[in-house]
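K.L.:
sequence? don't have it. structure:
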RNA sequence: UCCGGGGUAGCUCAAUGGCAGAGCAUUCGGCUGUUAACCGAAGGGUUGUGGGUUCGAGUCCCACCCCCGGAGCCA
């Protein structure tokens, strides 16, 4: 009877002969000894074939193996320090389950365009597998964090009417007889409604921005987790953020060491990610930038380079809060202590990764909010239900959005968010 | 959208306006502990597309297409 095993389970198996099914990564041979490196999704395994100890057909079969051939190898697992992974299989039987001819992604270097055109195959590489595992951990950490704190997950719509952050960057589609629908840029406005029902809520899903962005930090479709909390002010909002970010990083350090090692991520900077995070008002940030020789003007939004200059002054994420009214969204609450500013914050990751969170206390005064909608030239009608929330027991509340791909890219130490999602959607890439 | 860089073998890249090249991959041969194995040999080209200058264009000029990096915007 055949005992099938996953590679990850081999070290704890007592069996004298097991069969592993997987794909050939590469083969090496030294005349009378052959090596096959296999992957099966659970791990990597070196199998050894000795020409003089197996049937000639088996040796011929080994010589015919090509990259990504699906195989079943049978043999005795044993500890072997010379083998990558520490375990080795001495092969007694080898079966080709499905051939693979001219696999395009070779062990040598490729350009990013070539690789992204073959993203469906590139995913099989060790590095991409490690990134996907870290992403998986980040996602699970997010869910566990909010579950443990009694937040309720509320799924917000992806198809929306004309509502969101700014009108110029929406993906548009026909919606029956009701005219245009738009792909959601955020679930926040809906979550504010849910917060009045459940207190602590969050949504987690894909969001869409039709911005013609071509940078390492932008995707057309990205995943965002957005908590919204009744009775939290801006200060409590930032405390939640620092706990949250520190938890995600800690979980990855705790459970994904192997993957971070595969990615050659120096984990020392991640070990330092513990609350509290430093806080800097926008006004102080402008002063700091000027002190650093940057030409910064109060009232203008911070650029990517400004953020990097600021973030580089700290060894953990930094909050920049209370931006000028003019550069921020209509729903952010005006700062009672300084009406020129709003009670918002960005969270900038260190090591040049920049903004991973944008959050704010929400404007809870009906008339002020309505005035802001008009100020920004937005039509009032689609926001009618949103204004309603300020008519029926309006309440102090705050929330934020964390970009999953940016967070994963930072934790993995990779240069571009497009590798932080299995099938990235970018301005110039819709396939595969 | 703007600024910059690029497009030559399956891949990554060379080539002063003058014979189209290398490494890897592939195929064949050799090798009993390989770690992106190594050694030897062979096959492999409409130089992104269309025009132009020139005795001669991968190289210079014009247009277009595509890719990469950055900016703005944002998570």
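P.N.:
Arrived safely, thanks for sending. The structure presented is a predicted model; accordingly, all values stated were derived computationally and were not measured.
K.L.:
contacts and neighbour counts: CA atoms only from here.
P.N.:
OK.
K.L.:
name the helix or strand for residue A:284, please.
P.N.:
Assessed by DSSP states H and E, residue A:284 sits inside helix A:282-291.
K.L.:
list the buried residues of the following helix or strand past that helix.
P.N.:
Next helix or strand after helix A:282-291 toward the C-terminus (DSSP H and E): helix A:304-311. Buried residues in helix A:304-311, defined by neighbour count with 16 or more other CA atoms under 10 Å: A:306-311.
K.L.:
shaky segments in chain A?
P.N.:
The model of chain A has pLDDT under 70 over residues A:1, A:162-168.
K.L.:
let me see the domain layout of it.
P.N.:
According to automatic domain parsing, chain A comprises the domains A:7-98, A:119-420.
K.L.:
so what's the nearest residue to residue A:16 once chain neighbours are set aside up against?
P.N.:
Closest residue to residue A:16 apart from its sequence neighbours, by CA to CA, 6 or more residues apart in numbering: residue A:76 at 5.2 Å. If a contact means CA atoms under 8 Å, 6 or more residues apart in numbering, then residue A:76 has A:15-18, A:89-92 as its contacts.
K.L.:
just the ones of the residues you listed in strands?
P.N.:
Counted as lying in strands by DSSP state E, out of those, are A:18, A:89-92.
K.L.:
from RNA strand B, how far off is the closest residue in space to residue A:395 that isn't next to it in sequence?
P.N.:
Leaving aside its sequence neighbours, residue A:395 sits nearest to residue A:364 (CA to CA, 6+ apart; 6.2 Å). Residue A:364 sits 19 Å away from RNA strand B, going by CA to the nearest atom of the strand, to the nearest Å.
K.L.:
run a quick neighbour tally on residue A:364.
P.N.:
Neighbours of residue A:364 under the rule other CA atoms under 10 Å: 22.
K.L.:
now do the one 3 residues further on
P.N.:
For residue A:367, the count of nearby residues is 13 (other CA under 10 Å).
K.L.:
from RNA strand B, how far out is it?
P.N.:
Distance from residue A:367 to RNA strand B, counting by CA to the nearest atom of the strand: 23 Å.
K.L.:
what's the answer for residue A:160, then?
P.N.:
17 Å.
K.L.:
tell me the secondary structure for the residue nearest to residue A:16?
P.N.:
strand (DSSP: H, G, I helix; E, B strand; the rest coil).
K.L.:
hmm, back to that, for the buried residues of helix A:304-311, give me CSV that also has distance to RNA strand B.
P.N.:
Formatted as CSV, the buried residues of helix A:304-311 follow (distance: CA to the nearest atom of the strand, whole Å):
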residue, distance to RNA strand B
A:306, 8
A:307, 8
A:308, 9
A:309, 11
A:310, 13
A:311, 12
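K.L.:
for residue A:192, state which of the residues you listed is nearest.
P.N.:
residue A:307 (28.6 Å; CA to CA).
K.L.:
which residue packs closest to that closest one, ignoring adjacent ones?
P.N.:
Nearest residue to residue A:307 in three dimensions, chain neighbours excluded: residue A:354, at 6.2 Å (CA to CA, 6+ apart).
K.L.:
are we agreed that the residue nearest to residue A:395 is in a strand?
P.N.:
No. Counting by three-state DSSP, residue A:364 is located in no strand; its state is coil.
K.L.:
thought it was touching residue A:393?
P.N.:
No. Contact status for residue A:364 versus residue A:393: not in contact, 9.7 Å apart, counting by CA atoms under 8 Å.
K.L.:
now do the residue of chain A positioned farthest from its centre against RNA strand B, distance only.
P.N.:
Computed with CA atoms, centre = their mean, the residue of chain A farthest from its C-alpha average is residue A:52, at 49.5 Å. Distance of residue A:52 to RNA strand B, given as CA to the nearest atom of the strand: 5 Å.
K.L.:
helix/strand/coil for that residue?
P.N.:
Residue A:52 ends up helix, using three-state DSSP.
K.L.:
the one 10 residues further on too?
P.N.:
The three-state label given to residue A:62 by three-state DSSP is helix.
K.L.:
neighbours of it, how many?
P.N.:
Neighbours around residue A:62, by other CA under 10 Å: 21.
K.L.:
wait, what's in contact with it?
P.N.:
Residues near residue A:62 by CA under 8 Å, 6+ apart: A:34, A:94.
K.L.:
one more pass at 10 Å, please.
P.N.:
Residue A:62 sits next to A:27-29, A:34-36, A:49, A:51, A:56, A:94-96 when contact means CA atoms under 10 Å, 6 or more residues apart in numbering.
K.L.:
now those residues in a markdown table, with neighbour count, distance to residue A:247 and secondary structure?
P.N.:
Converted to a markdown table, the contacts of residue A:62 look like this (neighbours: other CA atoms under 10 Å; distance: CA to CA, whole Å; DSSP: H, G, I helix; E, B strand; the rest coil):
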| residue | neighbour count | distance to residue A:247 | secondary structure |
| --- | --- | --- | --- |
| A:27 | 19 | 41 | strand |
| A:28 | 13 | 43 | strand |
| A:29 | 14 | 46 | strand |
| A:34 | 18 | 45 | strand |
| A:35 | 21 | 41 | strand |
| A:36 | 24 | 39 | strand |
| A:49 | 23 | 46 | strand |
| A:51 | 16 | 52 | helix |
| A:56 | 11 | 55 | helix |
| A:94 | 20 | 45 | strand |
| A:95 | 14 | 45 | strand |
| A:96 | 17 | 45 | strand |
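K.L.:
what is the nearest of these to residue A:161?
P.N.:
So of those, ranked by how close each gets to residue A:161 (CA to CA), first place is residue A:96, at 53.5 Å.
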